[in-house]
Structures are given as structure tokens and as C-alpha cells.
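K.L.:
Have a look at this prediction, sequence included:
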Amino acid sequence: MMKSGKIEWQYAILALGITVCLSGAFLMWDGSIFGENTSGIAAIIGIIGIGLLGIFTTVNAALIANQEKRSKGIRP
């Protein structure tokens, strides 16, 4: 049960990262949606989204490395 909770948490970060990136891309595409130029804010939002995707990748890589170590009998 704990393992499935970790998987759901990881995919929540992935979904959040994709959503934030797409929101930043939309703001960059339609820069005057709030009545002013929002390209600077859109760039920052996109960078935050890319950071969240990086966190998702790092967490998955660490979990895979730990699983490989455990399968070989090495304590992580």
C-alpha cells in the first residue's frame, strides 16, 4: 500500500509539472491575456514547470537505482 502511495505522489508531481509548463506556454503564446504583456511571468512559470519535471525524473532515477541495488543484495 505504501508503494502505490509513492507512485501516486510521483505522478502527481509529473502532472503538476506538465500543467505548469503548459500554462507558461499558453501565457507566452497569448501574452496579453491579462491585459498586459506577460511574457516575463510566462518564462518564469515555464522554468518552474521544467524544474518540477526534473524533480520527477530525479526521484524516479533514485528509486530505480535503489531497486537495482536491492535486487543485487546491496543495501542502499
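P.N.:
Received the coordinates, thanks. What you are looking at is a predicted structure, and each value in this text was computed from that prediction instead of being measured.

K.L.:
any idea how far residue 36 is from residue 45?
P.N.:
Per C-beta to C-beta, to the nearest Å, residue 45 is found 15 Å from residue 36. Bear in mind the C-beta positions are built from the backbone N, C-alpha and C, glycine included.

K.L.:
Show me what the helix-or-strand element of the chain with minimal mean pLDDT is packed against.
P.N.:
Lowest by mean pLDDT, DSSP states H and E among the helices and strands of the chain is helix 2-29, with a mean of 81. Helix 2-29 sits against helix 39-72, with contacts defined as 3 or more C-beta pairs under 8 Å, 6 or more residues apart in numbering; DSSP states H and E.

K.L.:
Neighbour count: residue 45 and residue 36, which is higher?
P.N.:
Set residue 45 next to residue 36 and count neighbours by other C-beta atoms under 10 Å: residue 45 wins out with 20 against 8.

K.L.:
Enumerate every residue touching the more buried one.
P.N.:
When contacts are counted by C-beta atoms under 8 Å, 6 or more residues apart in numbering, residue 45 is found next to 20, 23, 24, 27.

K.L.:
Out of the residues you listed, which comes closest to residue 8?
P.N.:
Nearest to residue 8 among the contacts of residue 45: residue 20, at 18.6 Å, using C-beta to C-beta.

K.L.:
Grab the nearest non-local neighbour of the closest one.
P.N.:
Nearest non-adjacent residue to residue 20, counting by C-beta to C-beta, 6 or more residues apart in numbering: residue 49, 3.4 Å away.

K.L.:
Cool, thanks, talk later.
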